[in-house]
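Participant: Need a 3D model of the sequence below.
(2 chains)
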Amino acid sequence: MAEPLLRVENLIKRFGGLVATDKLSMEVTPGELHAIIGPNGAGKTTLISQLTGQLVPDSGAIYFAGRDITNLPPYERSRLGLARSFQITSLLRDFTAADNVALAAQAHAGHSYRFWADARKEQPLREAARAALARVGLDKRADVPVSELSHGEQRELELAVALATKPQLLLLDEPMAGLGITESQRMVALLKELRKEVTIVLVEHDMEAVFALADRITVLVYGRVIASGKPDEIRSNEEVKRAYLGDQHAVTSQG
Amino acid sequence: MKSALNLRNVVVVLVIAGLVLLPVYSALTGKVFILTMFTRIIILALAAASLNLIMGYGGMMSFGHAAYLGIGGYAVGILAFEGTGSGFIQWPVALLASALFALVIGALSLRTRGVYFIMITLAFAQMAYYIASSLSRYGADDGLTIYKRSNFGGVVDLSNRTQFYYVCLACLLGGTYLIWRIVNSRFGLVVQGVRSNEQRMQAIGFNANRYRLVCFVISGTICGLAGALLANNTDFVSPAVMYWTRSGDLMVMVILGGMGTLFGPVIGAIVFLLLEELLSQVTEYWAMIMGPLLLLIVLFARGGIMGLLGRFSRG
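Facilitator: Numbering: from 1, shown residues only, chains lettered A, B, ... in the order given. Next up is the predicted model:
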């Protein structure tokens, strides 16, 4: 197996008495689409937030492309090529779609201590923005303020923003959340395209989408990995079945 | 909104034209009073414009902005007192001192957000106020009289009322132009992005706090210039220019005119100070009228006067 792009070792995060991430270890190999699933409260978003640096783990380590990033702030991780989309859409609402994406491109095209020239007239940034918007099918909506975009469009814009940072690894936190059936199908089609170019970690509740897309699946329950493997292995795994049938005590007493 | 000929722009152009021609009017009618009054308005408009840069565009509610008026003023006053009369030294020192002060209090207070940020900037400004009050060599509470205005050799004579007026106006228009460039630059977009969603900006690769700090320093420096002008205008500097009510006045000007609009603070300063002047002629309790008026603006016209004008021009 190739050198992992992302390696998590014995990660622990506690919120008071609650252990949200419990000695969690996992690896993501370059080029794969790695899904993380688990019941509500399994600690999926907590894990993503530690991977991107919004939360600092109590112990354990995170390696990205061979480098220890456990203590790096979010903006430096982004520089290294780690991008995320948010579960609850998190965009610059008073900016246009194009501005949102162009800013992401700007963050990765030299420094931004430039005080004089009009940034909206920097062609390379605008073109990068247009390309990323076209990628997700939003090119016609480039000049619309985010607050006037539909929920589905905002989810797509989240993705375009992440893409514009030219990531090596894309962390997607429930990209289908709140989407209708047709919108979900569009998103799945889009992710099928993207996975050819970039390594993806996908947190998702939509099981149909997960099993359609993932190369490997890691199952979390109470902040622990209870199974990790190919979709077929996960489907037939007894522990996973029990977790999803709601019989979680049986799982934890064994773990 | 897209067309250049909307009510907002017409008002802005008329106001600028009025300010440019004011000395002519003053000379023709012999009303000196109006020129001195508007000199003060223009200086405080510059201070309000600098506050708008962090408050309107940067989302940083500084409640201590008057501190820079005092620091800029004391730089001029103290240097004049110690025998350095040249404006070429006084003004750069005023800017530098303001920038340094902004750097220090910014680095400390930008760790906080919201109400805490408001309180900590207020606390720092009050500290500056009390420090100035204790400078016994420089007049302490009573303030410091400046016997000679900043000397710019043969370039410009600040003792000449009209010339001084135009220097102030040039500073205001130049400062506003600078802010306009900054707001639309890479840097400006980052700062506005951080105001809108800090977490998102961190996630796409921006060190949000560093950008906020630089913005805070630029704003303080511009306000320091206003401080140097104000001291020259009154030929006097005292701790009172830094008092928290003055910081509050600046905030009111920005909100009244329209936060996050380029000319809002200028319009706000003119309206606020003219109202203060007119109302105080009617009653000494002018604040009792000003207060409810401001309340109405905040409740029903959240974009301030500029917001109202924008609404009318859209029909």
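
Participant: Name all residues that make contact with the closest residue to chain A within chain B.
Facilitator: In chain B, the residue found nearest to chain A is residue B:205; the distance is 3.6 Å by Cβ to the nearest Cβ. Using the backbone N, CA and C atoms, a C-beta is placed for each residue, glycine as well. For residue B:205, the contact set (Cβ atoms under 8 Å, 6 or more residues apart in numbering or on different chains) comprises A:75, A:78-79, A:104, A:107-108, A:165.

Participant: can stretch A:38-46 be found next to chain B?
Facilitator: No: judged by Cβ under 8 Å from any Cβ of the partner chain, stretch A:38-46 stays clear of chain B, getting no closer than 13.1 Å.

Participant: Contacts for that stretch next, please.
Facilitator: Residues from elsewhere that reach stretch A:38-46 (Cβ under 8 Å, 6+ apart): A:13, A:20-22, A:24, A:36-37, A:55, A:87, A:173, A:203, A:219-223, A:243-244, A:246, A:248.

Participant: Could I get the CA-only coordinates of the lowest-mean-pLDDT helix or strand in chain B as PDB?
Facilitator: Lowest by mean pLDDT, DSSP states H and E among the helices and strands of chain B is helix B:304-314, with a mean of 82. Extracted in PDB, the C-alpha atoms of helix B:304-314 (Å, rounded to 0.1, in the frame of the first residue of the first chain):
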ATOM      1  CA  GLY B 304     -27.800  54.900   8.200                       C
ATOM      2  CA  ILE B 305     -28.300  58.000   5.900                       C
ATOM      3  CA  MET B 306     -26.500  56.300   3.100                       C
ATOM      4  CA  GLY B 307     -28.800  53.300   3.400                       C
ATOM      5  CA  LEU B 308     -31.800  55.600   3.300                       C
ATOM      6  CA  LEU B 309     -30.500  57.400   0.200                       C
ATOM      7  CA  GLY B 310     -29.800  54.000  -1.500                       C
ATOM      8  CA  ARG B 311     -33.400  52.900  -0.700                       C
ATOM      9  CA  PHE B 312     -35.000  56.000  -2.300                       C
ATOM     10  CA  SER B 313     -32.900  55.800  -5.400                       C
ATOM     11  CA  ARG B 314     -34.100  52.200  -6.000                       C
END
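
Participant: Buried residues, it. List them.
Facilitator: For helix B:304-314, burial by neighbour count (16 or more other Cβ atoms under 10 Å in any protein chain shown) applies to B:304-310, B:313.

Participant: Likewise for stretch B:117-129?
Facilitator: Of the residues in stretch B:117-129, B:117-118, B:120-122, B:124-126, B:128-129 count as buried by neighbour count, 16+ other Cβ under 10 Å.

Participant: What about those residues, which are in helices?
Facilitator: Among the buried residues of stretch B:117-129, the members falling in helices (DSSP state H) are B:117-118, B:120-122, B:124-126, B:128-129.

Participant: Of the buried residues of helix B:304-314, just say which sits nearest to residue B:271.
Facilitator: residue B:305 (6.5 Å; Cβ to Cβ).

Participant: How about the contacts made by the spatially closest residue to residue B:70 that is not a sequence neighbour?
Facilitator: Nearest residue to residue B:70 in three dimensions, chain neighbours excluded: residue B:242, at 3.5 Å (Cβ to Cβ, 6 or more residues apart in numbering or on different chains). Contact analysis of residue B:242 by Cβ under 8 Å, 6+ apart lists B:66-67, B:69-71, B:125, B:128-129, B:132.

Participant: which among the residues you listed gets closest to residue B:20?
Facilitator: Closest approach to residue B:20 among those (Cβ to Cβ): residue B:69, at 24.5 Å.

Participant: in what helix or strand does the residue nearest to that closest one when sequence neighbours are not counted lie?
Facilitator: Leaving aside its chain neighbours, residue B:69 sits nearest to residue B:227 (4.1 Å; criterion: Cβ to Cβ, 6+ apart). Assigning secondary structure by DSSP states H and E places residue B:227 in helix B:208-234.

Participant: neighbouring contacts of the helix or strand that that helix is followed by?
Facilitator: Sequence-wise, the next helix or strand downstream of helix B:208-234 (DSSP H and E) is strand B:236-237. The contact list for strand B:236-237, computed with Cβ under 8 Å, 6+ apart, reads B:70, B:73-74, B:76-77, B:143-146, B:230-231.

Participant: quick revisit: pretty sure residue B:71 is one of the things the residue nearest to residue B:69 touches, is it not?
Facilitator: Yes: assessed by Cβ atoms under 8 Å, residue B:227 is found in contact with residue B:71 at 6.1 Å.

Participant: Which one's more surrounded, these two?
Facilitator: Set residue B:227 next to residue B:71 and count neighbours by other Cβ atoms under 10 Å in any protein chain shown: residue B:227 wins out with 33 against 29.

Participant: so what's that one up against?
Facilitator: Neighbouring residues of residue B:227 by Cβ under 8 Å, 6+ apart: B:47, B:68-76, B:94, B:98, B:241.
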